[in-house]
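**Q** I would like to see how this sequence folds:
(chains A, B, C and D)
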There are 2 protein chains.
Amino acid sequence: MSGEKKQGGRPVDAAAGRSLKLAALQLVRERGYAKVSIAAIASAAGVARQTLYNRWNTKADLVLDAVFEETGRFSTIPPADTGETCAAQLEAFLVEVFDHLAVDGDPLRALIAAAQEDTAFRTAFRERFVLPREQIVTDLLRRAQARGELGKTRDPEMLSAFVHGAFWYRLLNGQPVDAALARAITAEVFAR
Amino acid sequence: MSGEKKQGGRPVDAAAGRSLKLAALQLVRERGYAKVSIAAIASAAGVARQTLYNRWNTKADLVLDAVFEETGRFSTIPPADTGETCAAQLEAFLVEVFDHLAVDGDPLRALIAAAQEDTAFRTAFRERFVLPREQIVTDLLRRAQARGELGKTRDPEMLSAFVHGAFWYRLLNGQPVDAALARAITAEVFAR
DNA sequence: ACAGTTAATAGACTGCAGTCTATAAATCAA
DNA sequence: TTGATTTATAGACTGCAGTCTATTAACTGT
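**A** Reported below is the predicted structural model:
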């Protein structure tokens, strides 16, 4: 697979890729995902349109790289298993995620939309973005169950879908996704 | 507001609207939302493209009418408050909704996506489709709480968001939305 | 130096969404 | 009947996504 080595030919211009991601990041943040055309990104990066298509299939693929992978944000790091309760850890994790959404909520909504119209992107988005974050919460809830913070009859995977589903539902419906929501979700998950 | 009466002019051709909705319904079901162009719908309905734009702003608005309002399906009717437990009523409601999704899941995903790219449609979609269905579940959970099937510390509104969120999350991630999910969701909501 | 190879570029081209204009058709009021 | 009004229609036009082609640039091995 990756054994394919190139033995000649013009080398890929790494700077072009970087310029494109940077331009995409800036333009999307300042104008909003929908109002940024592919031509505008290429132009801002000072690169031919086809060069962009050589690297990414769609605007969504580029923005996933530019906004959600490149910037190391949007917390992929599991919260440290400190002395705090798992409930507190869940709330802290959600607050962190929601803080990032205050900045990049628009592109995230756009990517979820794009994933509905493009099967290939849906798979990539799910594997690179959705699943890792789902796993963090599932693991946290399993720990809570092991510690006895969560009843033994509860299903951590279903609960994790509840948590992520609730915030997607809010986000996609244009309702606030903030610290109050983080608190309410956490309270409900651990309610008895 | 609605006092505006027309005192002359060519009357609206109601048949054109019906043809358009019918054509949209058929084409979307057989080809999938994304593969149906507005021109194709107008053409199939035997109507000028502008006539479609006279009635709906976007394909999404038309399909919302054609697929989710016209067909009286997708259960807007609250389940009768029979002798059954609220848990059983919730599961039955979800099974009914998910059955419809087996037929019209594709356009629903597409409409959720469209709502992310079009503020006006998001509002319309939310008011005409999302909120009524959310209300049904919220009411059902309140009844459950009144009956003692659900603990007094639980929050029916948050739980309703959990329920809808979980199934949106599954739907939007391309995972199965079936009777097994209806059962799992219900079990988790009423778990203690 | 030269042939082979791959990337970058400019530009043409198609298809669709959405807007706009001119014209024809259907109605009401006088 | 005439004029005003509104809808329906056909067609032109713009802007963007996505594809394709021809040309030029940068590198490797001989």
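
**Q** now A:Ile136: how far from A:Ala45?
**A** In this view, A:Ile136 and A:Ala45 are 33 Å apart by CB to CB, to the nearest Å. For the C-beta atoms, the positions are set from N, CA and C on the backbone; glycine is no exception.

**Q** Is any residue of stretch A:56-63 near chain B?
**A** No. Contact between stretch A:56-63 and chain B, assessed by CB under 8 Å from any CB of the partner chain, is absent, since the two come no nearer than 11.2 Å.

**Q** got a list of contacts for that stretch?
**A** By CB atoms under 8 Å, 6 or more residues apart in numbering or on different chains, the list of residues contacting stretch A:56-63 from outside reads A:20-21, A:24, A:28, A:33, A:36, A:38, A:41, A:52, A:55, A:65, A:107, A:110-111, A:114-115, A:118, A:120-121, A:124-125.

**Q** Quick check: PyMOL command selecting the buried ones in those.
**A** Isolation of the buried members of these (16 or more other CB atoms under 10 Å in any protein chain shown) is achieved in PyMOL through the command below:
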select buried, chain A and resi 20+21+24+28+33+36+38+41+52+65+107+110+111+114+115+118+121+124+125
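
**Q** sorry, back to before: looking at A:Ile136 and A:Ala45, which is more packed in?
**A** A:Ala45 (22 against 19; other CB atoms under 10 Å in any protein chain shown).

**Q** filter the contacts of stretch A:56-63 down to the ones near chain B?
**A** With respect to chain B, and counting by CB under 8 Å from any CB, the subset of those in contact is A:110, A:114-115.

**Q** Now do the SS call for the residue of chain A found nearest DNA strand C.
**A** Nearest residue of chain A to DNA strand C: A:Gly9, at 2.0 Å (CB to the nearest atom of the strand). When classified by DSSP: H, G, I helix; E, B strand; the rest coil, A:Gly9 comes out as coil.

**Q** show me the contacts for it.
**A** When contacts are counted by CB under 8 Å, 6+ apart, A:Gly9 is found next to no other residue.

**Q** For chain B, see how far away it is.
**A** According to CB to the nearest CB, to the nearest Å, A:Gly9 and chain B sit 36 Å apart.

**Q** so what pLDDT did A:Gly83 get?
**A** In the predicted model, A:Gly83 carries a pLDDT score of 72.

**Q** An error on my part: the question was meant for A:Pro79.
**A** 60.
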